[in-house]
Structure formats: structure tokens, C-alpha cells
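[1] only geometry, no sequence info:
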């Protein structure tokens, strides 16, 4: 079993719609969770961090964490073409990050 | 805050050659990490420094790889006797101290290595 698993993509959504990304992790002791956005050929860019159960909103992004279910999600509201990228879920284990393989999102105009 | 910088951005080398990459973290960050990313995969942890001390090294990292952070500022990653399987994006990240269990990590632009 992989440490971090993400729903397989690619995910295609129309402009203005909500994109929903899911991630599960195996280490029940994990405490810190992150979402990174990665444009093709570029490095990962941190867009959200979440440490407690519940929702955390930042602009058009909402991260949700459920530690009992070992589940993290990211919602992108009012999707824009500039949101087209690969989204990486990362879980902190003793300082190092374990990443999922990423979900590629395409926002079509 | 100028962000994490890495040099070079691209490196093409022939199999068997040695290569060295440099990373300059965000100035107030005392933790520095190296990751490797291949196409279609998420970054994979290689090693981690707190100040000048190398605290963890991935079991997947062969003896051909070595990393240093001699003064607790910039870091270098050397790959000896490169192999075609070493072709990847090498990413450096840094994070501030004071966050128990690790906090937010910020990545540099990466060094793309191609071994021919």
C-alpha cells in the first residue's frame, strides 16, 4: 500500500465549476497535510496546509481533513483556466513529506 | 524573501560522470530537504538537514549520492558515476524551525538532470 494515494486523473472541469480532489494516507500518526500545485515543467508550489480536522478555506480553495478516515480533500471553486495543473497531496512524516502521484486538472473554457 | 534558489537549472551529463547541484534556502529557514521527482510521480524524499546536521537519508539513496550543508546555509547534492536512471528533477525545499513534527516546505525551481 502506498503511503499517500490520490484519485486518478485526469480531471476535466468546465470553467466556473468546482473541482474536487481526494487523497488518502496510511500513517495514522500523521499530523500535517499539504496541497501543492505543479504546473508542467515547474516545481511544486504550496497552496494549502491543514493540521486539524474540518475545513480550511483560502480564497477559492477549501481543504478538508478527516483524520479518523485518513482522508484529505481539496475543493477548487469557480475553476479558472489558470487552475489547470497537477495537484499533489503531501503528508508530513517526521519532517519529510510523502507525496501522492498527483491529479492533473484541466479547466476547459 | 527571495525564495529557495537552485543551480544549475538544467544539467546534461554523460553516464559515468559526476555532477553537483547547489541549493540556497530561504535565509531564515534552518531545515533543508532534497527530493527527486520523475515524470508522472510525486517528489520522493532523499535527505534532510537541520542546520549543518544531516538527520535523515532515504534508504533508497545509493552510496553514489552524497549531500552536505557545511555551514548550515547552502547545501550541495553530488551524484557520482551517474546512471541513466538518475535522470530526474532534483528539488530542494526549506522550512522554518519551531514547528513540531515539521511545517510548510517551500520548493526551489529544481535542477533537471539528463544522463545520456
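    Cool, the structure landed. What you see is a predicted model; the values in this text were computed from it and never measured.

[2] find the nearest non-adjacent residue to residue 64, please.
    Just so you know, I chose chain A. residue A:73 (4.6 Å; CB to CB, 6 or more residues apart in numbering or on different chains). Yep, even glycine has a C-beta here, placed from its N, CA and C like the rest.

[3] that's the other chain; I wanted chain B
    In space, residue B:64 is closest to residue B:80, 4.6 Å off (CB to CB, 6+ apart).

[4] just checking, the one you found touches residue B:15?
    No - using CB atoms under 8 Å, residue B:80 makes no contact with residue B:15, being 12.0 Å away.

[5] in stretch A:39-52, what counts as buried?
    A:43-44, A:46-50 (16 or more other CB atoms under 10 Å in any protein chain shown).

[6] beta partners for whichever residue of chain A sits closest to chain B?
    Residue of chain A nearest chain B, by CB to the nearest CB: residue A:99 (2.9 Å). Here residue A:99 sits in beta bridges with residue A:90, as judged by DSSP bridges.

[7] just give me the neighbour total for it.
    Neighbours of residue A:99 under the rule other CB atoms under 10 Å in any protein chain shown: 25.

[8] who touches it in this structure?
    Going by CB atoms under 8 Å, 6 or more residues apart in numbering or on different chains, residue A:99 touches A:4, A:36, A:88-90, B:42-44.

[9] next: residue B:33.
    So residue B:33 contacts A:95-97, B:45-49, B:92-95, B:105 (CB under 8 Å, 6+ apart).

[10] list just the nearest of the residues you listed to residue A:23.
    For the contacts of residue B:33, the residue nearest residue A:23 by CB to CB is residue A:97; the value is 12.7 Å.

[11] just checking, next helix/strand downstream of the helix or strand hosting that closest one?
    Assigned by DSSP states H and E, residue A:97 belongs to strand A:96-99. Per DSSP H and E, strand A:96-99 leads on to strand A:103-108 as the next helix or strand towards the C-terminus.

[12] how much space separates the residue most central in space within chain B from chain A?
    The residue lying closest to the centre of chain B (CA atoms, centre = their mean) is residue B:34, at 2.9 Å. From residue B:34 over to chain A the distance is 10 Å, taken as CB to the nearest CB, to the nearest Å.

[13] just confirm that residue is within a helix.
    No - counting by DSSP: H, G, I helix; E, B strand; the rest coil, residue B:34 falls outside a helix, being strand.

[14] please look at it and residue B:69 and confirm they touch.
    No - in this structure residue B:34 lies outside contact range of residue B:69 using CB under 8 Å: 10.0 Å.

[15] point me to the residue of chain B nearest chain A.
    Taking CB to the nearest CB, chain B has residue B:42 as its residue nearest chain A, at 2.9 Å.
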